[in-house]
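K.L.:
Sequence first, then the predicted structure, then my questions.
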Amino acid sequence: MALNYIWIAFFVIAFIVALIRLIFLHDTAVFSSVMTAMFDSAKTGAEISLGLAGIMTFWMGIMRVGEKAGMIGIFARAVDPFFSRLFPGIPKKHPSMGSIVMNFSANMLGLDNAATPVGLKAMKELQELNPSADTATNAQIMFLVLNTAGMTLIPTSVIAMRLAMGAANPADIFIPTVIGTFISFMSGVIAVALYQRISLFNLPSLVFFGGFALLMYGLYLWMHNMPPADVATYTGLLGGLIIFSIIISFLVLGFIRRINVYEVFIDGAKDGFQTVVMIIPYLVAILVAIAAFRATGCMDYLVNAIGSVFAWMGINTDFVPALPVGLMKTLSGGAARGLMVDAMKVYHPDSFVGRLVCIMQGSTETTFYILAVYFGSVNIRNTRYALTCGLIADLVGVVAAIVLGYIFFH
(Lines give C-alpha, C1' and ligand atoms only; values in the text may rest on other atoms or scores of the structure.)
Protein backbone atom coordinates (compact mmCIF):
# COMPACT_ATOMS: atom_id res chain seq x y z
CA MET A 1 0.00 0.00 0.00
CA ALA A 2 2.86 2.40 0.84
CA LEU A 3 4.38 1.92 -2.60
CA ASN A 4 1.02 2.75 -4.22
CA TYR A 5 0.91 6.16 -2.48
CA ILE A 6 4.59 6.84 -3.14
CA TRP A 7 4.24 5.97 -6.83
CA ILE A 8 1.25 8.28 -7.31
CA ALA A 9 2.95 11.05 -5.32
CA PHE A 10 5.98 11.02 -7.63
CA PHE A 11 3.75 11.60 -10.68
CA VAL A 12 1.44 14.18 -9.08
CA ILE A 13 4.27 16.27 -7.62
CA ALA A 14 6.18 16.12 -10.92
CA PHE A 15 3.08 17.26 -12.84
CA ILE A 16 2.44 20.18 -10.48
CA VAL A 17 6.06 21.33 -10.65
CA ALA A 18 6.06 21.02 -14.46
CA LEU A 19 2.94 23.20 -14.65
CA ILE A 20 4.57 25.80 -12.38
CA ARG A 21 7.67 25.84 -14.58
CA LEU A 22 5.53 26.22 -17.70
CA ILE A 23 3.35 29.02 -16.31
CA PHE A 24 5.88 31.07 -14.35
CA LEU A 25 9.20 30.22 -16.06
CA HIS A 26 7.78 29.75 -19.58
CA ASP A 27 9.66 26.46 -19.85
CA THR A 28 7.92 25.09 -22.96
CA ALA A 29 10.23 22.09 -23.16
CA VAL A 30 9.51 20.73 -19.70
CA PHE A 31 6.78 18.26 -20.70
CA SER A 32 8.70 16.90 -23.68
CA SER A 33 11.73 16.45 -21.39
CA VAL A 34 9.58 14.57 -18.91
CA MET A 35 8.17 12.23 -21.56
CA THR A 36 11.63 11.52 -22.99
CA ALA A 37 12.98 10.76 -19.51
CA MET A 38 10.05 8.47 -18.73
CA PHE A 39 10.41 6.43 -21.94
CA ASP A 40 14.20 6.20 -21.53
CA SER A 41 13.78 4.98 -17.94
CA ALA A 42 11.23 2.37 -18.99
CA LYS A 43 13.80 1.00 -21.43
CA THR A 44 16.54 1.17 -18.79
CA GLY A 45 14.41 -0.69 -16.26
CA ALA A 46 13.74 -3.55 -18.66
CA GLU A 47 17.42 -3.76 -19.68
CA ILE A 48 18.61 -3.81 -16.06
CA SER A 49 16.10 -6.48 -15.10
CA LEU A 50 17.14 -8.71 -17.99
CA GLY A 51 20.76 -8.12 -17.06
CA LEU A 52 19.99 -9.53 -13.62
CA ALA A 53 18.76 -12.83 -15.07
CA GLY A 54 22.13 -14.55 -15.18
CA ILE A 55 23.47 -13.74 -11.72
CA MET A 56 20.11 -14.13 -9.94
CA THR A 57 19.48 -17.46 -11.64
CA PHE A 58 22.94 -18.66 -10.61
CA TRP A 59 22.74 -17.35 -7.06
CA MET A 60 19.27 -18.70 -6.30
CA GLY A 61 20.50 -22.07 -7.51
CA ILE A 62 23.50 -21.91 -5.15
CA MET A 63 21.28 -20.81 -2.26
CA ARG A 64 18.96 -23.76 -2.87
CA VAL A 65 21.96 -26.09 -2.67
CA GLY A 66 23.00 -24.50 0.63
CA GLU A 67 19.47 -24.82 1.98
CA LYS A 68 19.15 -28.50 1.05
CA ALA A 69 22.67 -29.23 2.32
CA GLY A 70 21.66 -28.03 5.78
CA MET A 71 23.41 -24.66 6.02
CA ILE A 72 20.38 -23.11 7.76
CA GLY A 73 20.61 -25.80 10.43
CA ILE A 74 24.32 -25.13 10.93
CA PHE A 75 23.73 -21.39 11.30
CA ALA A 76 20.79 -22.04 13.62
CA ARG A 77 22.88 -24.16 16.00
CA ALA A 78 25.64 -21.51 15.99
CA VAL A 79 23.40 -18.60 17.02
CA ASP A 80 20.98 -20.47 19.32
CA PRO A 81 22.90 -19.70 22.58
CA PHE A 82 22.70 -15.97 21.79
CA PHE A 83 19.02 -16.04 20.82
CA SER A 84 17.94 -17.90 23.92
CA ARG A 85 19.11 -14.83 25.92
CA LEU A 86 17.05 -12.44 23.79
CA PHE A 87 13.77 -14.26 24.42
CA PRO A 88 13.59 -14.97 28.16
CA GLY A 89 9.79 -15.17 28.01
CA ILE A 90 9.75 -18.18 25.68
CA PRO A 91 9.66 -21.52 27.53
CA LYS A 92 12.52 -23.91 26.87
CA LYS A 93 11.99 -26.26 23.94
CA HIS A 94 9.02 -24.22 22.69
CA PRO A 95 8.76 -24.67 18.88
CA SER A 96 8.75 -20.89 18.30
CA MET A 97 12.42 -20.62 19.31
CA GLY A 98 13.45 -23.05 16.59
CA SER A 99 11.43 -21.13 14.00
CA ILE A 100 12.94 -17.80 15.12
CA VAL A 101 16.49 -19.07 14.83
CA MET A 102 15.78 -20.67 11.46
CA ASN A 103 14.23 -17.40 10.20
CA PHE A 104 17.27 -15.40 11.30
CA SER A 105 19.67 -17.91 9.76
CA ALA A 106 17.80 -17.88 6.44
CA ASN A 107 17.83 -14.07 6.41
CA MET A 108 21.58 -14.03 7.04
CA LEU A 109 22.14 -16.30 4.05
CA GLY A 110 19.86 -14.22 1.83
CA LEU A 111 17.29 -17.04 1.56
CA ASP A 112 14.20 -14.80 1.49
CA ASN A 113 12.00 -17.56 0.08
CA ALA A 114 12.82 -19.73 3.08
CA ALA A 115 12.91 -16.92 5.67
CA THR A 116 9.43 -15.48 5.18
CA PRO A 117 7.38 -18.71 5.59
CA VAL A 118 9.44 -19.70 8.64
CA GLY A 119 9.07 -16.19 10.05
CA LEU A 120 5.29 -16.24 9.70
CA LYS A 121 5.26 -19.65 11.35
CA ALA A 122 7.32 -18.25 14.25
CA MET A 123 4.90 -15.36 14.67
CA LYS A 124 1.92 -17.71 14.86
CA GLU A 125 3.73 -19.90 17.41
CA LEU A 126 4.55 -16.82 19.50
CA GLN A 127 0.89 -15.83 19.34
CA GLU A 128 0.05 -19.06 21.17
CA LEU A 129 1.93 -17.63 24.18
CA ASN A 130 0.18 -14.26 23.92
CA PRO A 131 -2.25 -13.55 26.80
CA SER A 132 -3.71 -10.53 24.93
CA ALA A 133 -4.53 -11.51 21.34
CA ASP A 134 -4.40 -8.02 19.79
CA THR A 135 -1.32 -6.68 21.65
CA ALA A 136 2.26 -7.58 20.75
CA THR A 137 4.24 -9.46 23.38
CA ASN A 138 7.86 -8.71 24.27
CA ALA A 139 8.99 -11.77 22.32
CA GLN A 140 7.00 -10.76 19.24
CA ILE A 141 8.46 -7.24 19.33
CA MET A 142 12.02 -8.56 19.64
CA PHE A 143 11.38 -10.93 16.74
CA LEU A 144 9.94 -8.16 14.55
CA VAL A 145 12.85 -5.82 15.23
CA LEU A 146 15.31 -8.62 14.46
CA ASN A 147 13.62 -8.82 11.05
CA THR A 148 13.45 -5.07 10.42
CA ALA A 149 17.12 -4.76 11.40
CA GLY A 150 17.94 -8.16 9.93
CA MET A 151 21.61 -8.89 9.33
CA THR A 152 22.38 -10.16 5.82
CA LEU A 153 25.65 -11.94 5.22
CA ILE A 154 25.56 -11.54 1.43
CA PRO A 155 23.81 -8.54 -0.24
CA THR A 156 23.02 -10.58 -3.35
CA SER A 157 20.52 -8.31 -5.08
CA VAL A 158 22.64 -5.18 -4.58
CA ILE A 159 25.73 -6.85 -6.04
CA ALA A 160 23.61 -8.13 -8.93
CA MET A 161 22.32 -4.60 -9.60
CA ARG A 162 25.84 -3.21 -9.59
CA LEU A 163 26.91 -5.88 -12.07
CA ALA A 164 23.97 -5.07 -14.34
CA MET A 165 24.79 -1.35 -14.17
CA GLY A 166 28.39 -1.94 -15.28
CA ALA A 167 30.36 -1.60 -12.02
CA ALA A 168 34.03 -2.51 -12.44
CA ASN A 169 34.00 -4.53 -9.21
CA PRO A 170 30.40 -5.21 -8.11
CA ALA A 171 31.46 -6.83 -4.81
CA ASP A 172 33.49 -3.86 -3.55
CA ILE A 173 30.55 -2.78 -1.36
CA PHE A 174 30.37 -6.20 0.31
CA ILE A 175 32.45 -5.48 3.44
CA PRO A 176 30.98 -2.04 4.30
CA THR A 177 27.46 -3.36 3.67
CA VAL A 178 27.95 -6.32 6.03
CA ILE A 179 29.36 -3.99 8.67
CA GLY A 180 26.48 -1.55 8.16
CA THR A 181 23.79 -4.20 8.44
CA PHE A 182 25.44 -5.56 11.60
CA ILE A 183 25.47 -2.10 13.20
CA SER A 184 21.79 -1.67 12.30
CA PHE A 185 20.99 -5.09 13.74
CA MET A 186 22.94 -4.37 16.93
CA SER A 187 21.18 -1.03 17.45
CA GLY A 188 17.77 -2.69 17.05
CA VAL A 189 18.62 -5.39 19.57
CA ILE A 190 19.98 -2.86 22.07
CA ALA A 191 16.90 -0.63 21.70
CA VAL A 192 14.50 -3.51 22.42
CA ALA A 193 16.73 -4.82 25.22
CA LEU A 194 16.56 -1.42 26.93
CA TYR A 195 12.74 -1.37 26.65
CA GLN A 196 12.47 -4.93 27.96
CA ARG A 197 15.32 -4.64 30.47
CA ILE A 198 17.16 -7.60 28.99
CA SER A 199 20.81 -7.80 29.99
CA LEU A 200 23.19 -8.29 27.07
CA PHE A 201 26.16 -8.69 29.40
CA ASN A 202 26.39 -12.46 29.14
CA LEU A 203 28.93 -14.69 27.45
CA PRO A 204 26.94 -15.64 24.29
CA SER A 205 25.94 -12.01 23.65
CA LEU A 206 29.45 -10.68 24.27
CA VAL A 207 30.92 -13.33 21.98
CA PHE A 208 28.40 -12.53 19.24
CA PHE A 209 28.72 -8.73 19.42
CA GLY A 210 32.36 -8.58 20.50
CA GLY A 211 33.60 -11.01 17.86
CA PHE A 212 32.05 -9.02 15.04
CA ALA A 213 33.17 -5.70 16.56
CA LEU A 214 36.76 -6.95 16.72
CA LEU A 215 36.52 -8.07 13.10
CA MET A 216 35.27 -4.62 12.04
CA TYR A 217 38.00 -2.91 14.04
CA GLY A 218 40.61 -5.14 12.45
CA LEU A 219 39.35 -4.22 8.97
CA TYR A 220 39.45 -0.55 9.91
CA LEU A 221 43.04 -0.76 11.18
CA TRP A 222 44.03 -2.54 7.97
CA MET A 223 42.40 -0.12 5.57
CA HIS A 224 42.04 3.29 7.20
CA ASN A 225 45.39 4.63 5.93
CA MET A 226 44.97 3.27 2.38
CA PRO A 227 44.09 5.52 -0.57
CA PRO A 228 40.40 5.17 -1.57
CA ALA A 229 41.33 3.37 -4.79
CA ASP A 230 43.30 0.72 -2.86
CA VAL A 231 40.50 0.35 -0.30
CA ALA A 232 38.02 -0.32 -3.11
CA THR A 233 40.41 -2.85 -4.65
CA TYR A 234 41.05 -4.79 -1.43
CA THR A 235 37.40 -4.59 -0.34
CA GLY A 236 36.32 -6.06 -3.65
CA LEU A 237 39.02 -8.73 -3.43
CA LEU A 238 38.02 -9.74 0.10
CA GLY A 239 34.33 -9.68 -0.78
CA GLY A 240 34.90 -11.85 -3.84
CA LEU A 241 37.03 -14.29 -1.83
CA ILE A 242 34.40 -14.66 0.90
CA ILE A 243 31.52 -15.08 -1.55
CA PHE A 244 33.40 -17.62 -3.66
CA SER A 245 34.39 -19.53 -0.50
CA ILE A 246 30.72 -19.68 0.53
CA ILE A 247 29.76 -21.04 -2.89
CA ILE A 248 32.41 -23.76 -2.67
CA SER A 249 31.41 -24.65 0.89
CA PHE A 250 27.75 -25.04 -0.18
CA LEU A 251 28.70 -27.32 -3.07
CA VAL A 252 31.11 -29.42 -1.00
CA LEU A 253 28.62 -29.77 1.86
CA GLY A 254 25.94 -30.80 -0.61
CA PHE A 255 28.26 -33.44 -2.03
CA ILE A 256 29.12 -34.70 1.47
CA ARG A 257 25.41 -34.91 2.36
CA ARG A 258 24.88 -36.97 -0.81
CA ILE A 259 22.31 -34.70 -2.41
CA ASN A 260 22.08 -34.33 -6.18
CA VAL A 261 23.77 -30.92 -6.24
CA TYR A 262 23.18 -30.28 -9.94
CA GLU A 263 19.44 -31.02 -9.89
CA VAL A 264 18.93 -28.99 -6.70
CA PHE A 265 20.84 -26.11 -8.30
CA ILE A 266 18.60 -26.25 -11.40
CA ASP A 267 15.43 -26.18 -9.25
CA GLY A 268 16.67 -23.11 -7.39
CA ALA A 269 17.88 -21.46 -10.61
CA LYS A 270 14.38 -21.73 -12.10
CA ASP A 271 13.03 -19.77 -9.12
CA GLY A 272 15.77 -17.19 -9.64
CA PHE A 273 14.75 -16.63 -13.26
CA GLN A 274 11.08 -16.32 -12.27
CA THR A 275 12.08 -13.77 -9.64
CA VAL A 276 13.82 -11.64 -12.26
CA VAL A 277 10.76 -11.78 -14.54
CA MET A 278 8.58 -10.65 -11.63
CA ILE A 279 10.92 -7.72 -10.89
CA ILE A 280 10.61 -6.18 -14.39
CA PRO A 281 7.18 -4.46 -14.08
CA TYR A 282 7.91 -3.22 -10.56
CA LEU A 283 11.30 -1.77 -11.46
CA VAL A 284 10.00 -0.19 -14.68
CA ALA A 285 7.05 1.38 -12.82
CA ILE A 286 9.14 3.01 -10.11
CA LEU A 287 11.94 4.10 -12.46
CA VAL A 288 9.45 5.86 -14.76
CA ALA A 289 7.94 7.72 -11.78
CA ILE A 290 11.39 8.73 -10.51
CA ALA A 291 12.36 9.86 -14.04
CA ALA A 292 9.35 12.20 -14.14
CA PHE A 293 10.22 13.44 -10.64
CA ARG A 294 13.84 14.10 -11.64
CA ALA A 295 13.13 15.59 -15.11
CA THR A 296 10.97 18.36 -13.61
CA GLY A 297 13.77 19.25 -11.17
CA CYS A 298 11.97 17.92 -8.07
CA MET A 299 14.84 15.63 -7.10
CA ASP A 300 17.33 18.48 -7.42
CA TYR A 301 15.14 20.73 -5.26
CA LEU A 302 14.90 18.02 -2.60
CA VAL A 303 18.61 17.17 -2.61
CA ASN A 304 19.67 20.84 -2.65
CA ALA A 305 17.37 21.64 0.28
CA ILE A 306 18.81 18.79 2.34
CA GLY A 307 22.33 19.72 1.25
CA SER A 308 21.82 23.35 2.33
CA VAL A 309 20.87 22.23 5.84
CA PHE A 310 23.97 20.05 6.21
CA ALA A 311 26.20 22.71 4.62
CA TRP A 312 24.86 25.26 7.13
CA MET A 313 25.86 22.81 9.87
CA GLY A 314 29.38 22.64 8.41
CA ILE A 315 29.08 18.98 7.34
CA ASN A 316 30.50 17.64 4.08
CA THR A 317 27.55 17.20 1.68
CA ASP A 318 28.93 14.65 -0.79
CA PHE A 319 26.60 12.04 0.72
CA VAL A 320 23.40 14.06 0.24
CA PRO A 321 22.44 12.73 -3.27
CA ALA A 322 22.35 9.22 -1.75
CA LEU A 323 20.13 10.20 1.18
CA PRO A 324 16.75 9.69 -0.60
CA VAL A 325 17.52 5.95 -0.80
CA GLY A 326 18.01 5.72 2.95
CA LEU A 327 14.89 7.75 3.67
CA MET A 328 12.74 5.73 1.23
CA LYS A 329 13.92 2.26 2.30
CA THR A 330 11.90 2.38 5.52
CA LEU A 331 8.71 2.94 3.52
CA SER A 332 9.24 0.83 0.40
CA GLY A 333 11.97 -1.53 -0.71
CA GLY A 334 10.85 -1.24 -4.35
CA ALA A 335 10.97 2.56 -4.35
CA ALA A 336 14.37 2.55 -2.63
CA ARG A 337 15.66 0.05 -5.21
CA GLY A 338 14.47 2.36 -7.98
CA LEU A 339 16.20 5.34 -6.39
CA MET A 340 19.39 3.28 -6.01
CA VAL A 341 19.35 2.34 -9.69
CA ASP A 342 18.57 5.95 -10.67
CA ALA A 343 21.51 7.23 -8.60
CA MET A 344 23.90 4.71 -10.17
CA LYS A 345 22.64 5.71 -13.61
CA VAL A 346 23.16 9.44 -12.93
CA TYR A 347 26.43 9.29 -10.95
CA HIS A 348 27.90 5.92 -12.17
CA PRO A 349 28.08 2.76 -10.04
CA ASP A 350 31.76 3.29 -9.16
CA SER A 351 31.30 6.86 -7.93
CA PHE A 352 31.11 7.69 -4.23
CA VAL A 353 27.34 8.25 -4.48
CA GLY A 354 26.89 5.09 -6.58
CA ARG A 355 28.60 2.97 -3.93
CA LEU A 356 26.96 4.75 -1.00
CA VAL A 357 23.40 4.13 -2.23
CA CYS A 358 24.24 0.42 -2.49
CA ILE A 359 25.56 0.34 1.08
CA MET A 360 22.39 2.12 2.27
CA GLN A 361 20.17 -0.31 0.37
CA GLY A 362 21.91 -3.25 2.00
CA SER A 363 22.13 -1.74 5.51
CA THR A 364 18.46 -0.86 6.09
CA GLU A 365 15.09 -2.64 5.86
CA THR A 366 11.47 -1.97 4.91
CA THR A 367 10.25 -1.51 8.48
CA PHE A 368 6.63 -0.59 7.73
CA TYR A 369 6.19 -3.49 5.31
CA ILE A 370 7.64 -6.07 7.69
CA LEU A 371 5.53 -4.86 10.61
CA ALA A 372 2.40 -4.92 8.45
CA VAL A 373 3.01 -8.45 7.14
CA TYR A 374 4.12 -10.14 10.36
CA PHE A 375 1.75 -8.44 12.80
CA GLY A 376 -1.07 -8.61 10.26
CA SER A 377 -0.66 -12.38 9.99
CA VAL A 378 -1.78 -12.78 13.63
CA ASN A 379 -4.11 -9.74 13.83
CA ILE A 380 -1.91 -7.72 16.19
CA ARG A 381 -3.21 -4.13 16.39
CA ASN A 382 -1.30 -2.70 19.34
CA THR A 383 2.35 -2.91 18.27
CA ARG A 384 3.56 -0.97 21.35
CA TYR A 385 7.17 0.19 20.79
CA ALA A 386 8.00 -2.12 17.87
CA LEU A 387 7.88 0.68 15.26
CA THR A 388 10.02 2.99 17.41
CA CYS A 389 12.76 0.38 17.78
CA GLY A 390 12.58 -0.53 14.10
CA LEU A 391 12.99 3.12 13.08
CA ILE A 392 15.91 3.51 15.49
CA ALA A 393 17.63 0.59 13.74
CA ASP A 394 16.91 2.16 10.33
CA LEU A 395 18.26 5.57 11.39
CA VAL A 396 21.44 4.06 12.82
CA GLY A 397 21.78 1.95 9.66
CA VAL A 398 21.61 5.04 7.40
CA VAL A 399 24.14 6.97 9.53
CA ALA A 400 26.44 3.93 9.65
CA ALA A 401 26.21 3.52 5.87
CA ILE A 402 27.24 7.16 5.36
CA VAL A 403 30.18 6.88 7.76
CA LEU A 404 31.30 3.60 6.18
CA GLY A 405 31.01 5.13 2.72
CA TYR A 406 33.40 7.90 3.74
CA ILE A 407 35.80 5.47 5.41
CA PHE A 408 35.98 3.03 2.51
CA PHE A 409 35.39 5.08 -0.64
CA HIS A 410 35.78 8.83 -0.06
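P.N.:
Looks like it arrived, so ask away. Residues are numbered from 1 along each chain as shown.
K.L.:
Pull the contacting residues for Phe212.
P.N.:
By CB atoms under 8 Å, 6 or more residues apart in numbering, the contact list for Phe212 reads Phe182. Where C-beta positions appear, they are placed from N, C-alpha and C, glycine not excepted.
K.L.:
what about it, helix or strand, and which?
P.N.:
In this structure, Phe212 sits in helix 203-223 according to DSSP states H and E.
K.L.:
Same question for that helix: list its buried residues.
P.N.:
Counting neighbours by 16 or more other CB atoms under 10 Å, one finds that the buried residues in helix 203-223 are Pro204, Ser205, Phe208, Phe209, Phe212, Met216, Leu219, Met223.
K.L.:
and the residues you listed as CSV, adding distance to Asn103 and pLDDT?
P.N.:
Compiled in CSV, the buried residues of helix 203-223 are given as follows (distance: CB to CB, whole Å; pLDDT from 0 to 100):
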residue, distance to Asn103, pLDDT
Pro204, 18, 86
Ser205, 19, 86
Phe208, 17, 83
Phe209, 20, 84
Phe212, 20, 80
Met216, 25, 75
Leu219, 28, 73
Met223, 33, 70
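K.L.:
got those residues as JSON lines, with distance to Thr233 columns?
P.N.:
JSON lines is the format used below for the buried residues of helix 203-223 (distance: CB to CB, whole Å):
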{"residue": "Pro204", "distance to Thr233": "36"}
{"residue": "Ser205", "distance to Thr233": "35"}
{"residue": "Phe208", "distance to Thr233": "30"}
{"residue": "Phe209", "distance to Thr233": "30"}
{"residue": "Phe212", "distance to Thr233": "24"}
{"residue": "Met216", "distance to Thr233": "19"}
{"residue": "Leu219", "distance to Thr233": "14"}
{"residue": "Met223", "distance to Thr233": "10"}
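K.L.:
Closest to Val373 out of those residues?
P.N.:
Of all the buried residues of helix 203-223, Val373 sits closest to Phe208, with 26.5 Å by CB to CB.
K.L.:
Quick check: closest non-adjacent residue to the closest one.
P.N.:
Distances taken as CB to CB, 6 or more residues apart in numbering put Phe82 closest to Phe208, at 4.5 Å, once the chain neighbours are dropped.
K.L.:
In the helix or strand harbouring the one you found, which residues are buried?
P.N.:
According to DSSP H and E, Phe82 maps onto helix 71-86. Within helix 71-86, the residues that count as buried by 16+ other CB under 10 Å are Met71, Ile72, Phe75, Ala76, Val79, Asp80, Phe82, Phe83, Ser84, Arg85, Leu86.
K.L.:
Using a markdown table, please lay out the residues you listed together with pLDDT and distance to Pro281.
P.N.:
Shown next, in a markdown table, are those (pLDDT from 0 to 100; distance: CB to CB, whole Å):
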| residue | pLDDT | distance to Pro281 |
| --- | --- | --- |
| Met71 | 77 | 32 |
| Ile72 | 69 | 31 |
| Phe75 | 72 | 34 |
| Ala76 | 69 | 35 |
| Val79 | 75 | 37 |
| Asp80 | 78 | 40 |
| Phe82 | 84 | 40 |
| Phe83 | 81 | 38 |
| Ser84 | 85 | 43 |
| Arg85 | 88 | 44 |
| Leu86 | 89 | 39 |
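K.L.:
Looking at these, spot the one nearest Val357.
P.N.:
Using CB to CB, the shortest approach to Val357 within those belongs to Phe75, at 28.6 Å.
K.L.:
That closest one and Asn107 touch, don't they?
P.N.:
No - between Phe75 and Asn107 no contact is recorded; they are 9.8 Å apart, counting by CB atoms under 8 Å.
K.L.:
what residues do those two have in common as contacts?
P.N.:
With contacts defined as CB under 8 Å, 6+ apart, no residue is shared by Phe75 and Asn107.
K.L.:
Flag every buried residue along the helix or strand following the helix holding Phe82.
P.N.:
Under the assignment DSSP H and E, the closest C-terminal helix or strand after helix 71-86 is helix 95-108. The neighbour-count criterion (16+ other CB under 10 Å) identifies 96-108 as the buried residues of helix 95-108.
K.L.:
Next: stretch 263-281.
P.N.:
Those would be Val264, Phe265, Gly268, Ala269, Gly272, Phe273, Thr275, Val276, Ile279, Ile280, for stretch 263-281 by 16+ other CB under 10 Å.
K.L.:
and what of stretch 247-257?
P.N.:
Residues of stretch 247-257 classed as buried: Ile247, Phe250, Leu251, Leu253, Gly254 (neighbour count, 16+ other CB under 10 Å).
K.L.:
Please list the members of those that lie in helices.
P.N.:
When those are checked against helices (DSSP state H), the matches are Ile247, Phe250, Leu251, Leu253, Gly254.
K.L.:
how big is the angle separating the helix or strand harbouring Ser32 from helix 95-108?
P.N.:
In the assignment (DSSP H and E), Ser32 maps to helix 30-69. On the basis of axes from the mean of the first three to the mean of the last three CA atoms, to 10 degrees, helix 30-69 is oriented at 120 degrees to helix 95-108.
K.L.:
elements contacting helix 30-69?
P.N.:
helix 2-25, helix 156-164, helix 228-256, helix 261-295, helix 333-347 (3 or more CB pairs under 8 Å, 6 or more residues apart in numbering; DSSP states H and E).
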